[in-house]
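[1] build the 3D model from these lines:
(one chain, ligands or ions: 1)
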Amino acid sequence: MKKVKVGIVGLGRLGKKYAEDLVYRVHQAEVLAACSLQEEERTYAKEKLGIPYVFTKYEDMLALEEIDTFFVVSPTTFHVAHIIQALEAGKHVFSEKPLGIELSRCLEVERVAKKYPKLICMVGFVRRFDPSYVYAKEKIEKGLIGKPFLVKSQTVDLDETAGFQMEFVKTSGGMFHDYNVHDIDLARWYLGSEVKQVFSTGGAFKYPEFAEVNDADNVLSTCVFEDGSMAQLIASRTAAHGHDTYTEIVGTEGILRIGRPSASTRVQIMDRHGARYECVSTFYDRFKDAFLLMTQEFISYILENKAPKLTLRDATQATRVASAMTESLFLGKGLVQLEAIAPD
Ligand code: NAD
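    This is a model prediction of the structure:
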């Protein structure tokens, strides 16, 4: 069986999960190399995962000729550079979201990718690979809920992660680029239109430290799309009950709701605290299966020489909207009209 030879940059919270999936569960992949700034992560890759080559410098890993594709799971502020370097080295690229935090840099990635039409380059919006989100999309395409005109979607994290987020925010681009970028992508996908207007509000209600770094712990945005459809998107770092990702699509003939309750099992507990479900704690608990499906699918694109349905332009559009939300709230611009971008 032909195997796709992989190099991965970033072995942190999420990169380690990709590496484990690629080593143990994606049988058509072989991980040859991994790169991390942290020594303990490199040791883990070499000794526990059996990855033969480990690097501190990405440039050194790029020079490995045998590699077919790089997985970019480095901090957000490095994605654009790491993707462009991989393409210029002649390799397929998978990158974690978001593509970037500036629209101009995302367009630059698109320009470079166009120079290498034989290389596959995809930014992984994991919810598009989650079976429930995929099922909802199929129902919409079959006309089950008529014409969708409103998406309500939220990315809500357990409060325990807020401490970690104070550090992470330095490279994440803030709540809109880091959290709501998923919801923006879903709203575009389900509504089939582009955002033309946004208004965002929010604040550092529980953790004033976030305001000091020009970010927030809870935000809310309203989007108007070119065809008049709407989205209401929420992000939070302060949920007491668990990781609570939820999406609702309202159409002229019905409504689809995905993800409630954010239960970790189907067991309802009835005890002195009432009737309740235990919730998933992290994004990874919720989307573990989708991460694996997405990785398998990306590897199959390479083997079958197939273009991904999820395009670089999708990723650019998500950044464009997240940037407008950032301007609306953090630059105090209020209602922001988005400039259309030239077709790709
Ligand atoms: P992390 O901070 O835990 O790990 C970052 C990794 O990148 C570390 O291994 C570090 O050594 C490495 N690194 C940092 N700078 C580097 C450089 N210049 N060259 C090479 N390696 C470098 O980060 P994380 O939480 O794993 O997040 C990584 C990316 O994954 C982010 O872009 C984030 O947006 C994305 N992410 C997505 C989801 C999702 O739901 N899809 C969830 C979490 C994180």
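[2] the closest residue to the ligand within the stretch 1-150 of the chain: what's it in contact with?
    For the stretch 1-150 of the chain, the residue closest to the ligand is residue 12, as judged by CB to the nearest ligand atom, at 1.9 Å. Using the backbone N, CA and C atoms, a C-beta is placed for each residue, glycine as well. By CB atoms under 8 Å, 6 or more residues apart in numbering, residue 12 lies in contact with 36, 38, 41, 73.
[3] export those as JSON lines, with columns for pLDDT and secondary structure.
    Formatted as JSON lines, these follow (pLDDT from 0 to 100; DSSP: H, G, I helix; E, B strand; the rest coil):
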{"residue": "36", "pLDDT": "98", "secondary structure": "coil"}
{"residue": "38", "pLDDT": "98", "secondary structure": "coil"}
{"residue": "41", "pLDDT": "98", "secondary structure": "helix"}
{"residue": "73", "pLDDT": "98", "secondary structure": "coil"}
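[4] tell me the most packed of these, by neighbour count.
    residue 73 (27 neighbours; other CB atoms under 10 Å).
[5] pretty sure that one sits against residue 10.
    Yes. Residue 73 is within contact range of residue 10, at 3.6 Å (criterion: CB atoms under 8 Å).
[6] follow-up on the earlier one: how far away is the residue of the stretch 1-150 of the chain closest to the ligand from residue 148?
    Here the criterion is CB to CB, to the nearest Å. By it, residue 12 lies 36 Å from residue 148.
[7] for residue 95, same thing?
    Noted for residue 95: a distance of 28 Å to residue 148, by CB to CB.
[8] repeat for residue 155
    Distance from residue 155 to residue 148, by CB to CB: 20 Å.
[9] neighbour count for those two, which is higher?
    Under the criterion of other CB under 10 Å, the comparison of residue 155 against residue 148 puts residue 155 first, with 25 against 22.
[10] is the closest residue to the more buried one other than its chain neighbours in a helix, a strand, or coil?
    In space, and not counting its chain neighbours, residue 155 is closest to residue 179: 4.1 Å by CB to CB, 6 or more residues apart in numbering. Recorded secondary structure, residue 179: helix (DSSP: H, G, I helix; E, B strand; the rest coil).
[11] ok, residue 179 - contacts?
    With CB under 8 Å, 6+ apart, residue 179 has these contacts: 155, 157, 219, 235.
[12] hmm, which of the residues you listed is lowest in pLDDT?
    For those, the model is least confident at residue 157; its pLDDT is 95.
[13] and this structure, which of its residues are near the ligand?
    Residues of the chain lying close to the ligand by CB under 6 Å from any ligand atom are 9-15, 35-38, 41, 58, 73-76, 78, 96-97, 126, 172, 178, 283.
[14] got a quick ChimeraX command for the buried subset of the residues you listed?
    Per 16 or more other CB atoms under 10 Å, the buried members of the residues of the chain next to the ligand correspond to this ChimeraX selection:
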select :9,10,11,15,35,36,41,58,73,74,75,76,78,96,97,126,172,178,283
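[15] looking at the residues of the chain next to the ligand, which are in helices?
    15, 41, 58, 172, 283 (DSSP state H).
[16] contacts only, for the residue in the stretch 201-344 of the chain that the ligand sits nearest to.
    Nearest residue of the stretch 201-344 of the chain to the ligand: residue 283, at 4.4 Å (CB to the nearest ligand atom). The contact partners of residue 283, taken as CB under 8 Å, 6+ apart, are 157, 243, 245.
[17] make it 10 Å
    Counting by CB atoms under 10 Å, 6 or more residues apart in numbering, residue 283 makes contact with 13-14, 126-127, 155, 157-158, 161, 179, 182, 243, 245, 291.
[18] burial check on the residue lying closest to residue 7 once chain neighbours are set aside, number of neighbours?
    Nearest non-adjacent residue to residue 7, counting by CB to CB, 6+ apart: residue 33, 4.0 Å away. Here the count is done by other CB under 10 Å, and residue 33 has 22 residues near it.
[19] mind telling me what element residue 33 is part of?
    Assigned by DSSP states H and E, residue 33 belongs to strand 29-35.
[20] next: residue 249.
    In this assignment (DSSP H and E), residue 249 forms part of strand 246-251.
[21] check residue 199 too.
    Assigned by DSSP H and E, residue 199 belongs to strand 195-203.
[22] residue 81 too?
    Per DSSP H and E: helix 79-88 holds residue 81.
[23] which residues are contacting the helix or strand of the chain at the bottom of the mean pLDDT ranking?
    Within the chain, confidence by mean pLDDT, DSSP states H and E is lowest for helix 162-172 among all helices and strands, at a mean of 85. Residues from elsewhere that reach helix 162-172 (CB under 10 Å, 6+ apart): 12-13, 74-78, 98, 101, 157, 161, 175, 178-179, 181, 206-207, 209-210, 212-217, 236-239.
[24] picking up where we left off before, need the overlap of contacts for residue 73 and residue 10.
    Common contact partners of residue 73 and residue 10 (CB under 10 Å, 6+ apart): 16, 18-19, 34-36, 79, 82, 95-96.
[25] out of those residues, who has the most neighbours?
    When neighbours are taken as other CB under 10 Å, the top entry among these is residue 34 (31 neighbours).
[26] you'd agree that residue is up against residue 7?
    Yes. The pair residue 34 / residue 7 is scored as a contact, 7.0 Å apart, by CB atoms under 10 Å.
[27] can you count the residues close to the residue nearest to residue 82 when sequence neighbours are not counted?
    Computed as CB to CB, 6+ apart, the closest residue to residue 82 that is not its neighbour in sequence is residue 72, at 4.6 Å. Residue 72 is flanked by 26 other residues according to other CB under 10 Å.
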